[in-house]
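Participant: Using only what follows, build the 3D model:
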Amino acid sequence: MATIATTTMQKFARDWESAIESAEFSGIVGDRAHARSGGYHISREDQPGSNYSVQLPEDKLGDSRWASAVDMSMNAADMALVTGRLLASAKDPNDSRLDFTREFYGTTNGHDVTGWDTYYNRPSSSDSSHLWHVHVSFLRKHADNPAAMSAVLSVITGQPAPGGSTPTPQPGYPAWPGREFVYTPGRPQMNGGDVRTWQQRMSARGWSIGVDGWYGPQSANVARQFQQEKGLVTDGIVGPQTWAAAWTAPIT
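Facilitator: Below is the predicted model of the structure:
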């Protein structure tokens with residue numbers, strides 16, 4: 001018996017590592033600890049049939065030797081960024097790109113593990129190691145499926161869903177710049193003209209916010225309060241929906 005990583009999944013890991021600046025590949029094939037507990041890092045033939053990772057019809061397909069999960073370590077800002085992208089995709093009924101997966105784990109705040117069972121569409125969680133690496137499990141039938149890897153990578157890199165519900169910029173306000181604004185205490189702050197543009201808009205809406213191009217604690221707090229007011233995901237991260245709402249939501 002053996003557990004192997006497909007060349008397709010290895011390429012997915014390399015592409016992820018190349019796309020996210022702080023990403024460092026942590027593994028596909030599980031170690032001894034994984035082998036004891038089972039799961040998607042271990043092949044179907046190397047664990048008992050009672051393990052949750054070999055129960056679904058899609059997990060009974062594909063080569064019995066394949067591992068079917070990737071771990072990627074990242075810094076705190078990128079952990080929040082990538083986990084947030086995965087979570088937004090999972091919750092979007094118009095985005096089917098994670099249908100190839102079973103689950104993912106990471107963190108959006110550096111303190112709590114955030115996860116989602118993408119097969120049953122419900123929250124999930126795991127151990128604290130997922131505060132420093134993101135874990136993505138693919139349904140085993142897709143462990144050697146390039147289209148599946150490409151779809152999930154597009155979520156990780158922040159690309160909009162084809163025909164999805166990402167707000168489309170209308171004439172009169174600027175397009176989302178393509179990166180999410182994230183503030184993580186103790187980490188270098190994001191800055192740039194795109195941050196300044198958002199700050200200027202929030203200031204024009206009446207929020208007390210410095211317009212300096214730096215996304216620090218004040219900006220993150222304003223974003224969080226604004227999201228709560230408008231019924232958005234309250235995470236303090238300015239993504240496409242929060243960006244669009246700054247121009248389209250009623251001023252209250």
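
Participant: The stretch 101-250 of the chain: helices as residue ranges?
Facilitator: 146-156, 193-204, 217-230, 240-248 (DSSP state H, counting those that start in this stretch).

Participant: Show me the shaky parts of the chain.
Facilitator: Applying pLDDT under 70 to the chain picks out residues 1, 164-172.

Participant: What segments of it are strands?
Facilitator: For the chain, applying DSSP state E gives strands covering 24-27, 69-73, 101-106, 114-117, 122-124, 133-138, 190-191, 214-215.

Participant: if we compare the ones you listed, which one ends up closest to Asp46?
Facilitator: Nearest of those to Asp46, taken as CB to CB: strand 69-73 at 13.4 Å. Every C-beta, even on glycine, is put in place using the N, C-alpha and C of the backbone.

Participant: circling back to that earlier point, quick one: the helices of the stretch 101-250 of the chain as TSV, columns for distance to Ser125 and mean neighbour count too.
Facilitator: Listed next are those as TSV, based on distance: least, CB to CB, whole Å; neighbours: other CB atoms under 10 Å:
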stretch	distance to Ser125	mean neighbour count
helix 146-156	20	20
helix 193-204	31	18
helix 217-230	22	18
helix 240-248	24	20
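
Participant: Columns distance to Gly178 on top of these, output as a markdown table?
Facilitator: A markdown table is the format used below for those (distance: least, CB to CB, whole Å):
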| stretch | distance to Gly178 |
| --- | --- |
| helix 146-156 | 13 |
| helix 193-204 | 9 |
| helix 217-230 | 17 |
| helix 240-248 | 9 |
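
Participant: nearest to Ile4, of those?
Facilitator: Closest among the helices of the stretch 101-250 of the chain, using CB to CB: helix 146-156, at 16.1 Å.

Participant: Any chance you could list what contacts that closest one?
Facilitator: 8-9, 11-12, 15-16, 19-20, 82, 85-86, 89, 95, 97-98, 100-101, 136, 138, 142 (CB atoms under 8 Å, 6 or more residues apart in numbering).
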